[in-house]
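K.L.:
Give me a 3D structure for the following:
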Amino acid sequence: MPEDLQGYIESITYTNEENGYTIARVKAHGLDEPVTIVGNLVSPVPGEMISMKGEWSQHPKYGRQFKVLSYRTSVPAAVRGIEKYLGSGLIKGIGPEMAHRIVERFGESTLEVIENDTQKLTQVEGIGRKRVEMIREAWDEQREIRGVMIFLQSHGVSPGYAAKIFKQYGNHAVNIVTENPYRLATDIFGIGFITADRIAEKMGFARDSGARAEAGILHVLSQCTEEGHVYYPYNRLIQRCQEILQIDREIIAHALEELNRNERLILEETAVYLPPYYVSETGIASFLIELQNHRKRIREIDSEMAVQWVQQRLDITLAEKQVEAIKYTLKEKLMVITGGPGTGKTTIMKAILAIISRIGIRIMLAAPTGRAAKRMSEATGYEAKTIHRLLEYNLRAGGFRKNQLDPLKCDLLILDEASMIDTVLMYHLLKAVPLPASLIFVGDVNQLPSVGAGNVLKDIIASGRVPVVELNEIFRQARESQIIVNAHRIHVGLAPESSGQESDFYFIMQEDPEKVLSIILELVGERIPRRFHLDPVDDIQVLTPMHRGVVGVENLNRELQNTLNPGQDGIIRGSKKFRLHDKVMQIRNNYDKDVFNGDIGRITRIERESMEVRVSFDGREVCYGSAELDEIVLAYAVSVHKAQGSEYPAVVIPVMTQHYILLQRNLLYTAVTRGEKLVVLVGTKKALNIAVKNDKTQKRYTLLKERLK
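P.N.:
Alright, predicted model coming up:
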């Protein structure tokens, strides 16, 4: 028989914002000590009053817990609850310290004072007229959304999400959510299908309703794009939808037809696309073909003389493949230069730039990430921009300024780290390339494919439409680096070797995950900085295949934060704690702030009163409000995928059999090639051999190769 429990949320131990699973401490009525509660609470806020139905259980490790089966929350009435609520970040201008002072002064009358007599707040130390105005505005905004909040809370949505929903839909929020709660999954960052489905269920939507089937299909297709697929096969899609939605195939098939009819998805024979991916894939093919067939602006040059001249000018001797690449560049409109580390890609770029600049041609250089663009600039001496900045995002219009109507002003565009460019970004880039321009893709096709959907560089090469020069000779100077030698060993299926004390590549054997964690903390915190004179935060990057587990991204970040940046002061967002000077990563493109997925920065300021965090990205400060903190994560450790396009002075990589599902040759190759001066692997020989032997990369469903053919 379920029991009732009431109290206020004292602290959040952990919350998963996708499915709402939460572990929290609650000060319950009638109990002396706070209790641990577990269950699905959508974005809980410390200080919220909560009434729960549930049952008690005994966890073997964590002791007595209350398992929440159903609940409702309300604005707190108890003094301690009011303080927690005000300090939660929902009211701009009031942080935890200011909340404590206000409640200390006004006690149980606090909410009434803020509601009806805001000027009284000036009686509190640190609150002047300016802050009173800020608090009044924030409270008025809260009043506006209170109706929405009460409605949403009654259906299991917390104030944190209510604010986002209100920001998206305004006063139409209740109508929109009532009509189709599944819109939340596509419109609101942080609310996934699972959460929207739970809300819909509480609102009485039938499990086999058309709205649920359509939302489920779009959710599954969206999941497919996150896995790298540009389209998904019809029958496989229906099967996946059945597994998730647990409804008849006929209902899903009918919903799919309806979505296709309304152009919310595209069905081409047996391939099912979300519209942006269909437009992007077909667009890439047509733009590349059109570019290749158009007359080029770069005039004919005697390539033999050009090669001789550039060798004398740069005082170099070019290898046969490098000469071939330069000749292709002078002759062709489009070409691909691919090769691993130490094979001379940078030398070719320098030589091409030296030759082309002599004939007064407009040149542009670009790369997918800020770090890659910076490295390209340093290597060539020419300015290189990120693709996003090259295309000039226009916030007001909600798209890139540069396109067919306003193309880039260049005659030659060189793209580095081209294997990282996903389908959608490549489409927007090609739209902006003027037809007379020449285009060179430079990249390492053996790395992991792009984080976003597609396998663009590999498909272009496989199509046979564009000339390709593959560099496979490691130059003498590069052969002195064990990192480069081992990267090439991994590429051909051989285990890497460590060559003793004075190497730049080490393998530390350890089977116990807890001991692997201890070794990593010691390496990053003490041993590497002391021996190699590197900064533990800025110069050393931990890369790991997994997100969960002892040596997964989440746990490594918690432990590395406590080792490299200890302290109590900070700001808590769900289960994440940010401290001053923390290393953080942006995890979605935010064009408003001009920061992009994968950008790494350092926290320079934390305003606890207004619950704002300021982050410096390459010297440019960006401000995050409380509701935006789900866009950044700690970055002492990052996944190998997120590290693409970046190089670090030193990388440390756990290689464990627990990571079995992700132990792949291209993943290990990508991880190792991120290290410039030092690579340290920690783990087991067995896991290393599994990775090296496993050349079966996950298939990505794309049709770009066929469209180019």
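
K.L.:
Bridging across strands, which residues link to the spatially closest residue to Arg72 that is not a sequence neighbour?
P.N.:
Spatial nearest neighbour of Arg72, excluding adjacent residues (CB to CB, 6 or more residues apart in numbering): Ser51 at 5.4 Å. The way it works is simple: take the backbone N, C-alpha and C, and place the C-beta from them, glycine included. Per DSSP bridges, the residues bridged to Ser51 are Gln6, Arg72.

K.L.:
check contacts around Ser51.
P.N.:
Asp4, Leu5, Gln6, Tyr71, Arg72, Thr73, Ser74 (CB atoms under 8 Å, 6 or more residues apart in numbering).

K.L.:
Including pLDDT, neighbour count and distance to Val492, could these go into a markdown table?
P.N.:
Formatted as a markdown table, the contacts of Ser51 follow (pLDDT from 0 to 100; neighbours: other CB atoms under 10 Å; distance: CB to CB, whole Å):
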| residue | pLDDT | neighbour count | distance to Val492 |
| --- | --- | --- | --- |
| Asp4 | 88 | 9 | 65 |
| Leu5 | 91 | 22 | 61 |
| Gln6 | 90 | 13 | 65 |
| Tyr71 | 81 | 19 | 57 |
| Arg72 | 77 | 13 | 61 |
| Thr73 | 72 | 23 | 58 |
| Ser74 | 69 | 14 | 64 |
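
K.L.:
Give the buried residues for stretch 202-215.
P.N.:
For stretch 202-215, a neighbour-count test (16 or more other CB atoms under 10 Å) marks Phe205, Ser209, Ala211, Arg212, Ala213, Glu214, Ala215 as buried.

K.L.:
how about the strands of the stretch 1-150 of the chain, start to end?
P.N.:
Secondary structure of the stretch 1-150 of the chain (DSSP state E, counting those that start in this stretch): strands at 3-15, 21-28, 35-40, 49-59, 63-74.

K.L.:
who wins for proximity to Thr346 among these?
P.N.:
Smallest distance to Thr346 across the strands of the stretch 1-150 of the chain (CB to CB): 45.1 Å, for strand 3-15.

K.L.:
Just give me how far the closest one sits from the chain centre.
P.N.:
Chain-centre distance of strand 3-15: 30 Å, with CA atoms, centre = their mean, to the nearest Å.

K.L.:
What helices and strands are in contact with it?
P.N.:
strand 21-28, strand 35-40, strand 49-59, helix 79-86 (3 or more CB pairs under 8 Å, 6 or more residues apart in numbering; DSSP states H and E).

K.L.:
Now that strand: buried residues?
P.N.:
Neighbour-count burial for strand 3-15 [16+ other CB under 10 Å]: Leu5, Gly7, Tyr8, Ile9, Glu10, Ile12, Thr15.

K.L.:
for the protein, what helix or strand is lowest in average pLDDT?
P.N.:
helix 476-479 (a mean of 64; mean pLDDT, DSSP states H and E).

K.L.:
helices or strands up against whichever helix or strand comes after that helix?
P.N.:
Next in sequence after helix 476-479, counting helices and strands by DSSP states H and E, comes helix 482-491. The contact analysis (3+ CB pairs under 8 Å, 6+ apart) places helix 482-491 against strand 505-509, helix 665-672, strand 675-683.

K.L.:
What are the phi and psi values at the residue located most distally from the centre of the chain?
P.N.:
Distance from the centre of the chain peaks at Met305, with 46.8 Å (CA atoms, centre = their mean). Dihedral pair for Met305: phi -70, psi -40, per degrees, to the nearest 10.

K.L.:
now do the one 4 residues further on
P.N.:
Comment: the main-chain dihedrals of Trp309 come out as phi -60, psi -50, following degrees, to the nearest 10.

K.L.:
That one: what's it in contact with?
P.N.:
Ile355.

K.L.:
10 Å instead?
P.N.:
The contact partners of Trp309, by CB atoms under 10 Å, 6 or more residues apart in numbering, come to Ile301, Asp302, Ala351, Ala354, Ile355, Arg358.

K.L.:
Pull up the gap between the spatially most central residue of the chain and Lys576, please.
P.N.:
The centroid of the chain falls nearest to Ile587 when counting by CA atoms, centre = their mean (3.1 Å). Ile587 sits 11 Å away from Lys576 when distances are taken as CB to CB, to the nearest Å.

K.L.:
Could you do Val468 as well?
P.N.:
For Val468, the distance to Lys576 - CB to CB - is 44 Å.

K.L.:
For the two, work out which one has more neighbours and name it.
P.N.:
Lys576 (22 against 18; other CB atoms under 10 Å).

K.L.:
Show the contacting residues for that one.
P.N.:
Contacts of Lys576 (CB under 10 Å, 6+ apart): 12, 14-15, 17, 554, 557-558, 561, 570, 584, 629-630, 632-634.

K.L.:
change it to 7 Å
P.N.:
Val633 (CB atoms under 7 Å, 6 or more residues apart in numbering).

K.L.:
Equivalent analysis for Gly683, please.
P.N.:
Taking CB under 7 Å, 6+ apart, one finds Gln510, Val516, Pro654, Val655, Met656 in contact with Gly683.

K.L.:
go with 10 Å
P.N.:
Gly683 touches 507-511, 513, 516, 519, 551, 653-659, 691, counting by CB under 10 Å, 6+ apart.

K.L.:
Run through the stretch 1-150 of the chain and note the low-pLDDT ranges.
P.N.:
Residues of the stretch 1-150 of the chain that meet the criterion pLDDT under 70 lie in 16-20, 42-43, 74-81, 84, 88-90, 141-150.

K.L.:
Apologies, that question was intended for the stretch 451-600 of the chain.
P.N.:
Checking the stretch 451-600 of the chain against pLDDT under 70 turns up 476-479, 499-501, 568, 573-575.

K.L.:
How about the stretch 201-350 of the chain?
P.N.:
For the stretch 201-350 of the chain (pLDDT under 70), the answer is none.

K.L.:
All the helices of the stretch 151-300 of the chain, in order from the start?
P.N.:
Using DSSP state H, counting those that start in this stretch, the helices of the stretch 151-300 of the chain run over 159-169, 173-179, 183-187, 193-202, 210-226, 234-245, 249-261, 275-293.

K.L.:
Can you give me the pLDDT of Tyr382?
P.N.:
Predicted confidence (pLDDT) at Tyr382: the value is 92.

K.L.:
Show me what the residue lying closest to it once chain neighbours are set aside is bridged to.
P.N.:
Among residues not flanking Tyr382 along the chain, Leu365 sits closest, at 5.4 Å (CB to CB, 6+ apart). Under DSSP bridges, the beta-bridge partners of Leu365 are Ala384, Ile414.

K.L.:
between the helices of the stretch 151-300 of the chain, which gets nearest to Ala372?
P.N.:
The nearest among the helices of the stretch 151-300 of the chain, by CB to CB, is helix 275-293 at 20.4 Å.

K.L.:
in terms of contact count, name the helices or strands touching that closest one.
P.N.:
When contacts are defined as 3 or more CB pairs under 10 Å, 6 or more residues apart in numbering; DSSP states H and E, helix 275-293 packs onto helix 210-226, strand 266-268, strand 271-273, strand 334-339, helix 423-431, strand 438-443, helix 456-463, helix 704-708.
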